[in-house]
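Colleague: Give me a model of this one.
(2 chains)
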Amino acid sequence: DAGVIQSPRHEVTEMGQEVTLRCKPISGHDYLFWYRQTMMRGLELLIYFNNNVPIDDSGMPEDRFSAKMPNASFSTLKIQPSEPRDSAVYFCASSLDATGSTDTQYFGPGTRLTVL
Amino acid sequence: ILNVEQSPQSLHVQEGDSTNFTCSFPSSNFYALHWYRWETAKSPEALFVMTLNGDEKKKGRISATLNTKEGYSYLYIKGSQPEDSATYLCAPSGSARQLTFGSGTQLTVLP
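Modeller: Residues are numbered from 1 along each chain as shown, chains lettered A, B, ... in the order given. The predicted model follows:
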């Protein structure tokens, strides 16, 4: 298996632009997680999906952020409009079955976002 | 969201030294404790998942213990090597069944 795939790996954009980050989870995994990593806050969970349905989006910073999972093999995280404080590394992770949260989450390589 | 503390924040050791660090978490509403290893410019990689009080897990020179009653876990590295240099993250999960990551312990092993 190729593992969790994220694109793009790097994104540089200007303030006010729309940014779309993409994730392909490991085939057969029921759960998909979006995380953001910053120096100040470390690795924080933004939202997660179970069987394509958003379960908890309480970590999404504000309305400028939205996430979708139209099918089992694809998810997007969109920021519109983007701001310089959104600059961070965004990770996508997937797991087979988070029942009891004993299942390992497998992380993608991350997207490094820079908003100028 | 659980309050997770890891100590020390960073650590420098000489090659061959053994080392350990701590993860503290609320003992109430505990379900599982995950340890991840995160090398610079890579993505976090799972080391262990532990659920039961007294659990011990081992992977090569790295081992971990769990005390759910007092809310802590130790990670040990025996005979540290330069390739062990990484940030080690712990992440407990509670009834919400999502992981809350600590800020990590950044280990540097000097040759």
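Colleague: residues of stretch A:20-37 that come out buried?
Modeller: By neighbour count on 16 or more other CB atoms under 10 Å in any protein chain shown, the buried set for stretch A:20-37 is A:21-26, A:29-37. Every residue, glycine included, has its C-beta placed from N, CA and C.
Colleague: Please, where are all the strands along the chain?
Modeller: Assuming you mean chain A. With strands called from DSSP state E, chain A shows them at A:5-7, A:10-13, A:19-24, A:31-38, A:42-50, A:53-56, A:65-71, A:74-79, A:88-95, A:106-107, A:111-115.
Colleague: Chain B was what I was after
Modeller: According to DSSP E, the strands that chain B contains are B:5-7, B:10-14, B:19-24, B:32-38, B:45-50, B:56-59, B:62-67, B:72-77, B:86-93, B:105-110.
Colleague: Please identify the deepest-packed of the ones you listed.
Modeller: Neighbour counts (mean count of other CB atoms under 10 Å in any protein chain shown) averaged over each of these peak at strand B:86-93, with a mean of 24.
Colleague: Not counting residues beside it along the chain, what's closest to residue 25?
Modeller: Chain wasn't specified; assuming chain A. With sequence-adjacent residues excluded and distances taken as CB to CB, 6 or more residues apart in numbering or on different chains, A:Pro25 is closest to A:Ser94, at 3.4 Å.
Colleague: You answered for a different chain; I wanted chain B.
Modeller: B:Pro92 (4.1 Å).
Colleague: likewise A:Thr20?
Modeller: Counting by CB to CB, 6+ apart, the residue nearest A:Thr20 is A:Lys78, at 5.0 Å.
Colleague: tally of neighbours for the one you found?
Modeller: Around A:Lys78 there are 15 other residues, counting by other CB atoms under 10 Å in any protein chain shown.
Colleague: separation between it and B:Cys90?
Modeller: 31 Å (CB to CB, to the nearest Å).
Colleague: Over to B:Leu107?
Modeller: Here B:Leu107 is placed at a distance of 13 Å from B:Cys90 (CB to CB).
Colleague: try A:Ile79
Modeller: In this view, A:Ile79 and B:Cys90 are 29 Å apart by CB to CB.
Colleague: Could you do B:Thr51 as well?
Modeller: Between B:Thr51 and B:Cys90 the computed distance is 14 Å (CB to CB).
Colleague: Next to chain A, which bits of chain B? Give me the list.
Modeller: When proximity is defined by CB under 8 Å from any CB of the partner chain, chain B lies next to chain A at B:31-32, B:34, B:42-46, B:49, B:51, B:89, B:93, B:96-104.
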